[in-house]
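Visitor: sequence first, then the predicted structure, then my questions.
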Amino acid sequence: MKLKPIRTEEDYELALKRLDKIFDAEPGTKQGDELEILALIIEDYEDKNYPIGSPDPIEAIKFRMDQMGMKQSELAKIIGHKSRASEILNRKRKLTLNMIRKLSKMLNIPTEVLVKEY
């Protein structure tokens with residue numbers, strides 16, 4: 001396949017078909033090099049045309065809590081009170097800057113995610 005920029009959906013579909021065809025190519029071979037470059041071109045097209053937005057702050061907190069096996073009572077220890085944790089998770093209270101800092105540090109959630117409107 002002659003490599004070229006992906007400009008249309010048709011180009012994108014053709015690139016995906018070619019990627020599928022050479023997916024198991026050995027690194028360092030001609031097809032392996034083509035695979036590596038093609039993957040970069042496809043990634044660039046997808047980033048421009050199918051961007052994935054940041055998650056909602058509350059959903060990010062819930063997801064991270066689930067990953068860590070954390071209970072709401074443990075979240076309450078980070079942000080202050082059990083009732084406050086409940087209000088945050090039920091979207092009845094907004095996160096404060098202090099809460100955002102603590103949650104970012106303790107749950108390893110980027111502050112850019114936590115400061116988003118919800």
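Guide: That came through, no problem.
Visitor: any stretches of the chain with poor pLDDT?
Guide: Residue ranges of the chain with pLDDT under 70: 1.
Visitor: how is it divided into domains?
Guide: Domain assignment of the chain by automatic domain parsing yields the ranges 9-49, 57-114.
Visitor: centre of the chain to the longest one, how far?
Guide: Going back to what we said before, that points to domain 57-114. 18 Å (CA atoms, centre = their mean, to the nearest Å).
Visitor: quick check: end-to-end length of it?
Guide: Length of domain 57-114, first residue to last, CA to CA, to the nearest Å: 5 Å.
Visitor: so where do the helices sit in this structure?
Guide: 9-21, 30-49, 57-68, 72-79, 82-89, 97-107, 111-114 (DSSP state H).
Visitor: turn the domains of the chain into a markdown table, columns for mean neighbour count and distance to K2.
Guide: The C-beta positions use only the backbone N, C-alpha and C, and glycine is treated the same way. Listed next are the domains of the chain as a markdown table, based on neighbours: other CB atoms under 10 Å; distance: least, CB to CB, whole Å:
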| stretch | mean neighbour count | distance to K2 |
| --- | --- | --- |
| domain 9-49 | 13 | 10 |
| domain 57-114 | 15 | 40 |
